[in-house]
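Undergrad: can't give you the sequence, but here's the structure:
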Ligand SMILES: O=C1CC[C@@H](CCC(=O)N2CCC(COc3ccc(F)cc3Cl)CC2)N1
């Protein structure tokens, strides 16, 4: 309980955290949480990691579909995103996203110790998912990646631009580069409009320091991918201008995993789960089918 007389900690939108589902991370920052709990006994846990500049609200439809399959879905707004505390879309160390995800996953595993655990990640949330699973290779029965950030987009990350970013990071780390161009998120303009209108999204420019953290995460994934052996499903659009599909192809080709699947969506934009309705529906079907197929059969004692 806060000491008497202390003002209650409030979300960036002014809501007291005592009125919101939340966890407090290792740095004392409050992270807003969402839970989608099935009525009966859950069959598995699914953690959803959202991307840069967004929050976990837009995953409600996906989470509802998983909940209908008796899966217990949970998520939080990463530090500096949505209804969580922290400097907007900035992070001192990318590892904080992974540490907080493991904290939330460990909390839910302590409440449901016998359930298998999946992670679903989109874009930067895909990088968080990959690096989280790499830290706990035996903890996850499967990882689903929707247009994950694995490699830099070669157009936006020319050697000159990378050099300049590193130079600027020492001189003006808070300088902002361009912002995420929402027109490349989806071919469905209603989805683009919803993203632009969502005040829980961050629409400002990307700080150089944040870009550096993303680059560091990309470099870490290049090192880790050859030793990945956990099961994963990759979904990527080949018209994605925000996270290059070559990163997904590289992960598919260079990982040790024997249980892996990649599905390329011709003409698909970045946020495949919010792309044209037929694509979004296909993504939900692929994801729910793959997850349910990867739930381990009940062991003999559980079955009794
Ligand atoms: O539905 C939705 C709404 C939000 C979107 C998710 C966006 C997301 O997470 N991205 C896309 C942009 C990408 C930029 O990458 C860099 C930029 C500069 C830099 F210096 C190094 C890198 Cl790597 C990072 C990952 N999806």
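TA: Received, thanks. As the structure is a prediction and not an experimental result, all values here were calculated from the model.
Undergrad: need the pLDDT of residue 170.
TA: As predicted, residue 170 sits at a pLDDT of 88.
Undergrad: just residue 159 next, same as before
TA: Residue 159 is given a pLDDT of 83.
Undergrad: for the one 5 residues further on, same thing?
TA: Model confidence at residue 164, expressed as pLDDT, equals 84.
Undergrad: and it, what are its phi and psi?
TA: phi -60, psi -40 (degrees, to the nearest 10).
Undergrad: run a quick neighbour tally on whichever residue of the stretch 101-250 of the chain sits closest to the ligand.
TA: Per C-beta to the nearest ligand atom, residue 211 is where the stretch 101-250 of the chain lies closest to the ligand, at 2.7 Å. Heads up, the C-betas are built off the backbone N, CA and C, glycines and all. By other C-beta atoms under 10 Å, the residues close to residue 211 number 24.
Undergrad: who in the protein is up against the ligand?
TA: 51-54, 123-124, 149, 152, 165, 180, 185, 195, 206, 211, 214-215, 218, 242-243, 270-271, 274 (C-beta under 6 Å from any ligand atom).
Undergrad: give me that answer again for 5 Å
TA: When proximity is defined by C-beta under 5 Å from any ligand atom, the chain lies next to the ligand at 51-54, 123-124, 149, 152, 211, 214-215, 242, 271.
Undergrad: out of the residues you listed, name the ones that lie in helices.
TA: Cross-referencing those against helices under DSSP state H gives 124, 211, 214-215.
Undergrad: just put the residues of the chain next to the ligand in a markdown table and tack on pLDDT.
TA: Putting these into a markdown table (pLDDT from 0 to 100) gives the following:
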| residue | pLDDT |
| --- | --- |
| 51 | 98 |
| 52 | 98 |
| 53 | 98 |
| 54 | 98 |
| 123 | 98 |
| 124 | 98 |
| 149 | 98 |
| 152 | 85 |
| 211 | 91 |
| 214 | 95 |
| 215 | 93 |
| 242 | 94 |
| 271 | 98 |
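Undergrad: neighbour-wise, which one of those leads?
TA: residue 271 (29 neighbours).
Undergrad: check the offset of stretch 161-180 from the chain's centre.
TA: The chain centroid and the centroid of stretch 161-180 are separated by 24 Å, computed with C-alpha atoms, centre = their mean, to the nearest Å.
Undergrad: so which bits of it are buried?
TA: 165, 168-169, 180 (16 or more other C-beta atoms under 10 Å).
Undergrad: same check, this time on stretch 214-232
TA: Neighbour-count burial for stretch 214-232 flags 214-215, 217-218, 220-221, 224-225, 228, 230-232 (criterion: 16+ other C-beta under 10 Å).
Undergrad: ok, residues contacting that stretch?
TA: Outside stretch 214-232, the residues within contact range by C-beta atoms under 8 Å, 6 or more residues apart in numbering are 52, 94, 124, 127, 130-131, 133-134, 137, 140-145, 149-152, 157, 162, 165, 250-251, 254-261, 294.
Undergrad: how far does it stretch from start to finish?
TA: Distance across stretch 214-232, first residue to last, is 22 Å (C-alpha to C-alpha, to the nearest Å).
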